[in-house]
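Visitor: Any chance you could fold what I've pasted below:
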Amino acid sequence: MHLRTAVIQLNSRNNPAENLATVEHFLDRAAAMGAQFASLPEFWTYLGPYAGFDEAAQTIPGPTIERLQEKARKHKMIVHGGSIVERVSTMPGKFHNTSVLIDRAGEIIAQYRKIHLFDVDLANGEKHYESERIVPGNEIVTAEVDGVTFGLTVCYDLRFPELYRSLALRGAQIVLVPSGFTLHTGRDHWEVLLRARAIENLCYVIAPAQVGKYPPDRQCFGRSMIIDPWGLVLAQAQDMPTVIMAEIDLEHIASARAQIPCLSNRRPEVYDL
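Guide: All right, here's what the predicted structure looks like:
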């Protein structure tokens, strides 16, 4: 089975209406290029200071996700809605970083809330606590669409290989990694981690990313990628908002796993986590 896959790289800012218009344009462009599946990056509806989350937050389902559903129906295309700031109705001022998968009929098939949050105290005194505004999810999510099993993750999750192994063991053939890696970490870690997750689990990795500067004065690395089960980069975005395409051959997964049977050669009784 083959799946013509589009990855949409964005430079989202703190204007949700403009971001939505850009995404709709790129989804139309992906469809015109023949995409059967299109994937968006992390926080595509709003990328800016935490203070803006209150106004930018969405419900699922809600008006913004409904626009993605309309595009999926119009183009008969599977749409992965990257991730958005989702409102937590029971916790005012708190939000989820939530990913949505929509089938060709425009139905929401799966939702995933980012599990791992980046909380750090740096040696220079700088602090970053994602948990100040984001509530972590607690569910590992896979979903089958048209006979293809997708595994859902978001950005910082990429640094936790146990999550990706869990997805592979649940049958994930394509793992989605919508991201907004910083320029600093992206230069050294982005491609290495993506290819490692693909090689370890012998699956496809689809990684749509944010690129460029956004408020207040931060910058995302970009370089969105489509990676095959052998760890080869099938497509990589240039340093600008764009659409990249690659043909995914799902038969390649079985071939790679037959050559390197590391999933069947596991010995979990020895290294129980």
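Visitor: Does anything pack onto the helix ranked longest in the chain? Which helices or strands?
Guide: Scanning the chain for the longest helix, with DSSP state H as the assignment, gives helix 16-32. Contact here means 3 or more Cβ pairs under 8 Å, 6 or more residues apart in numbering; DSSP states H and E; on that basis helix 16-32 packs against strand 2-9, strand 37-39, helix 63-75, strand 242-249. No exception for glycine: its C-beta is placed from N, CA and C like everyone else's.
Visitor: Please identify the buried residues of it?
Guide: Using 16 or more other Cβ atoms under 10 Å as the test for burial, helix 16-32 gives 16, 19-20, 22-23, 26-27, 30-31.
Visitor: same deal with stretch 62-74?
Guide: Neighbour-count burial for stretch 62-74 flags 64-65, 67-69, 71-73 (criterion: 16+ other Cβ under 10 Å).
Visitor: Tell me the one among the residues you listed nearest to E247.
Guide: A72 (20.0 Å; Cβ to Cβ).
Visitor: what sits against the most centrally placed residue in the chain?
Guide: By Cα atoms, centre = their mean, the chain has its centre lying nearest to P178, at 2.1 Å. For P178, the contacting residues are 39-42, 44, 80, 82-83, 99, 154-155, 207-209, by Cβ atoms under 8 Å, 6 or more residues apart in numbering.
Visitor: And the contacts of the longest helix of the chain?
Guide: Contacts with helix 16-32, where a contact means Cβ under 8 Å, 6+ apart, come from 6, 8, 10, 12-13, 38, 40, 44-47, 56, 64, 67-68, 71, 74-75, 77, 79, 241, 243, 245.
Visitor: Taking the residues you listed, please make a PyMOL selection of just the buried ones.
Guide: In PyMOL, a selection of the buried entries from the contacts of helix 16-32 looks like this (16+ other Cβ under 10 Å):
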select buried, resi 6+8+10+12+13+38+40+44+45+46+47+56+64+67+68+71+75+77+79+241+243+245
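Visitor: Got phi/psi on G52?
Guide: Note on G52: backbone dihedrals following degrees, to the nearest 10 are phi -90, psi -10.
Visitor: so it makes contact with R13?
Guide: No - assessed by Cβ atoms under 8 Å, G52 is found out of contact with R13, at 10.2 Å.
Visitor: A strand includes A110, no?
Guide: Yes - under DSSP: H, G, I helix; E, B strand; the rest coil, A110 falls within a strand.
Visitor: Burial check on it, number of neighbours?
Guide: 18 (other Cβ atoms under 10 Å).
Visitor: Check A143 too.
Guide: Residues near A143, counting by other Cβ under 10 Å, number 17.
Visitor: The least confident helix or strand in the chain by mean pLDDT: partners in the sheet, and parallel or antiparallel?
Guide: Lowest by mean pLDDT, DSSP states H and E among the helices and strands of the chain is strand 127-129, with a mean of 83. Sheet pairing for strand 127-129, assigned by DSSP bridges, gives strand 119-121 (antiparallel).
Visitor: per-residue confidence averaged over the partner strand?
Guide: Throughout strand 119-121, pLDDT has a mean value of 88.
Visitor: Give me the contact list for stretch 162-170.
Guide: By Cβ under 8 Å, 6+ apart, stretch 162-170 touches 115-116, 140, 142, 149, 151, 153, 157, 175, 197, 200-203, 263, 273.
Visitor: List just the nearest of those to Q236.
Guide: Of all these, Q236 sits closest to R197, with 15.9 Å by Cβ to Cβ.
Visitor: distance of that closest one from T182?
Guide: 19 Å (Cβ to Cβ, to the nearest Å).
Visitor: between the two, who's got more neighbours?
Guide: It is R197, of R197 and T182, that has more neighbours when counted by other Cβ under 10 Å, with 27 against 14.
Visitor: In this structure the more buried one contacts R159, no?
Guide: No - counting by Cβ under 8 Å, R197 stays clear of R159, with 9.7 Å between them.
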